[in-house]
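Student: Got a predicted model here, sequence first, then my questions.
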Amino acid sequence: MLQPRIPLRSLCNNCHYRAPPLRRSYAQVIDTLHPSTSVADSPPEDLPLAQADNRNALSKFDVRLRRYSPRTPGIRHLIRPLNEHIWKGRPHFPLTFPKKGHGKGGRNHTGHVVVRHRGGGHKRRIRIVDFARNAGGKHLVERIEHDPGRTAHIALVKSLQTGEKSYILAAEGLRAGDTVESYRSGLPQELIDEMGGHIDQGVLASKTAHRGNCLQLGMIPVGTPIFNITPSKGEIGKICRSAGTHGIVVGKGEDTVQKEMIKIFGDVRNFDLSTLTMDQLRKFEKAANYVTVKLSSGEVRLIDKDAVATIGVASNVNFKYTSLGKAGRSRWLNIRPTVRGLAMNASDHPHGGGRGKSKGNRIPMSPWGIPAKSGYKTRDKHKINPLVVTQRPRNQGRRRRGYA
């Protein structure tokens with residue numbers, strides 16, 4: 001007997017669950033003041049710096065992710081981090097340019113493929129990000145934006161002196177309305193006058209070492225998380241720019257030299273450079289010019305104390321939990337499939353060809369015949385980086401988990 005078909009669709013139209021709108025405790029963008037606004041309601045000129053309040057970037061328990069009901073196969077395994085503070089509109093057009101040409105497909109100027117598995121993604125506009133932070137003075141954060149060209153978020157800042165806008169890498173916890181400042185060109189005279197004419201490291205750190213500020217490594221206190229680090233003086237930020245990455249200042253060469261001097265002379269009153277040899281003076285002078293930084297990879301290296309870095313952790317720390325959910329999202333991101341060498345022809349890969357799924361009596365190697373596993377090293381053992389104190393841990397070709 002056939003079951004009667006009851007038209008429940010019409011009955012359920014009015015039964016959809018409607019969640020109340022979220023009440024955010026922060027703004028997505030700075031509200032511009034109208035001319036009719038009174039002077040008493042306008043913000044003061046001396047805006048406060050971005051203090052480290054309850055927006056703790058290093059909290060391991062504040063993992064906010066969005067999972068979806070499996071209404072379609074493509075969203076069954078989709079996981080996205082919740083970033084409700086991100087600007088929903090378009091980017092600042094003067095600071096962008098279109099991404100086009102055969103560089104989008106992984107080609108160089110001659111047309112040869114230099115990066116495999118690239119091509120076919122959604123059209124984008126490249127954001128011009130200021131990694132150098134040369135402009136001094138206070139900058140007001142207008143909004144936090146998503147950049148399709150990188151995993152970390154970017155912040156649109158406006159100079160309170162010149163009104164010029166620029167993009168910078170956003171620190172975790174940075175929000176619209178915060179104020180950041182770059183001290184790359186030196187300390188302003190007003191700040192030195194506030195400290196009584198002489199620089200005290202403790203007072204200086206309390207006034208400058210705030211989230212999003214750019215400082216020289218010699219001015220940053222030990223134990224401070226930093227990102228967007230320049231390898232040496234005069235360069236742009238190149239280290240720790242991905243989402244959630246950061247380094248820790250673990251020591252300063254000046255402190256180490258001072259401890260060694262105390263061991264040698266025993267008392268400050270007995271301090272005499274004439275008793276030291278030229279090798280000792282050269283060693284102490286070289287050590288005093290570097291700061292020891294531990295990176296997210298576990299590597300410990302020396303960086304010039306005149307190099308600069310940004311205080312905080314690179315934003316979007318929960319990006320490591322992201323799952324795309326389907327192959328199509330990889331294609332949207334300009335990522336093409338990765339074909340195994342075993343599935344290729346013998347003319348395309350050393351593992352290809354043959355009968356059945358066997359690579360033959362060949363050790364694992366790259367498409368160009370270079371051994372790919374078993375700890376095969378391609379770097380010259382005589383070309384050692386003298387600035388690396390401790391190498392990062394290696395996995396010897398074994399798979400690594402996406403997160404700790």
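Tutor: Structure received. Residues are numbered from 1 along each chain as shown.

Student: only C-alpha atoms for contact and neighbour calcs from this point on.
Tutor: Will do.

Student: Please verify my assumption that Val157 contacts Gly137.
Tutor: No. Checked against C-alpha atoms under 8 Å, the pair Val157 and Gly137 is beyond contact range at 11.6 Å.

Student: Need the per-residue pLDDT for the spatially closest residue to Leu78 that is not a sequence neighbour.
Tutor: Leaving aside its chain neighbours, Leu78 sits nearest to Gly325 (4.2 Å; criterion: C-alpha to C-alpha, 6 or more residues apart in numbering). We have a pLDDT of 95 for Gly325.

Student: what sits against Gly325?
Tutor: Gly74, Ile75, Arg76, His77, Leu78, Ile79 (C-alpha atoms under 8 Å, 6 or more residues apart in numbering).

Student: Make a PyMOL selection of whichever of the residues you listed turn out to be buried.
Tutor: Selection command for PyMOL covering only the buried members of those, criterion 16 or more other C-alpha atoms under 10 Å:
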select buried, resi 75+77+78+79
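
Student: what two of the contacts of Gly325 are the furthest from one another?
Tutor: Within those, two members stand farthest from each other by C-alpha to C-alpha: Gly74 and Ile79, at 11.0 Å.

Student: Redo the contacts of Gly325 as a markdown table? Include distance to Val339 and secondary structure.
Tutor: Shown next, in a markdown table, are these (distance: C-alpha to C-alpha, whole Å; DSSP: H, G, I helix; E, B strand; the rest coil):
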| residue | distance to Val339 | secondary structure |
| --- | --- | --- |
| Gly74 | 22 | helix |
| Ile75 | 24 | helix |
| Arg76 | 24 | coil |
| His77 | 22 | coil |
| Leu78 | 23 | coil |
| Ile79 | 25 | strand |
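
Student: Dump the contacts of Gly325 to a markdown table, plus pLDDT and distance to Asp193.
Tutor: Shown next, in a markdown table, are the contacts of Gly325 (pLDDT from 0 to 100; distance: C-alpha to C-alpha, whole Å):
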| residue | pLDDT | distance to Asp193 |
| --- | --- | --- |
| Gly74 | 95 | 60 |
| Ile75 | 95 | 58 |
| Arg76 | 96 | 60 |
| His77 | 95 | 57 |
| Leu78 | 96 | 54 |
| Ile79 | 96 | 51 |
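
Student: And the longest strand along the chain, what does it pack against?
Tutor: Longest strand of the chain, by residue count under DSSP state E: strand 138-145. Packing contacts for strand 138-145, counted by 3 or more C-alpha pairs under 8 Å, 6 or more residues apart in numbering; DSSP states H and E, involve strand 154-159, strand 179-181.

Student: Nearest to Pro148, out of those strands?
Tutor: Comparing the helices and strands packed on strand 138-145 by C-alpha to C-alpha, strand 154-159 comes nearest, at 10.3 Å.

Student: Dump the C-alpha coordinates for the helix or strand just after the closest one into PDB.
Tutor: Using DSSP states H and E, the helix or strand that follows strand 154-159 in sequence is strand 165-169. C-alpha atoms of strand 165-169 as PDB (Å, rounded to 0.1, in the frame of the first residue of the first chain):
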ATOM      1  CA  LYS A 165      46.900  55.700   3.500                       C
ATOM      2  CA  SER A 166      48.800  52.400   3.300                       C
ATOM      3  CA  TYR A 167      48.400  48.700   3.900                       C
ATOM      4  CA  ILE A 168      50.400  47.000   6.700                       C
ATOM      5  CA  LEU A 169      50.400  43.400   8.000                       C
END
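
Student: Strand 165-169: how far from the chain's middle?
Tutor: Relative to its chain's centre, strand 165-169 lies at 14 Å (C-alpha atoms, centre = their mean, to the nearest Å).

Student: neighbouring contacts of it?
Tutor: 95, 127-131, 133, 152-159, 228, 241, 314-315.

Student: Now with 10 Å, please.
Tutor: Under the contact criterion C-alpha atoms under 10 Å, 6 or more residues apart in numbering, strand 165-169 has outside partners 92, 94-96, 127-133, 135, 139-142, 144-145, 147, 152-159, 212, 227-228, 237, 241-243, 310, 314-315.

Student: Could you check the longest strand of the chain and say which residues are buried?
Tutor: Applying 16+ other C-alpha under 10 Å to strand 138-145 flags Lys138, His139, Leu140, Val141, Glu142, Arg143, Ile144, Glu145 as buried.

Student: Return the distance of it from the chain's centre.
Tutor: Using C-alpha atoms, centre = their mean, the offset of strand 138-145 from its chain centre is 17 Å.

Student: tell me the mean pLDDT over it?
Tutor: 96.

Student: orientation of it relative to strand 165-169 in degrees?
Tutor: Angle between the axes of strand 138-145 and strand 165-169 is 70 degrees (criterion: axes from the mean of the first three to the mean of the last three C-alpha atoms, to 10 degrees).

Student: Lys100 is nearest to which of the helices and strands packed on strand 138-145?
Tutor: Closest among the helices and strands packed on strand 138-145, once you apply C-alpha to C-alpha, is strand 154-159, at 21.7 Å.
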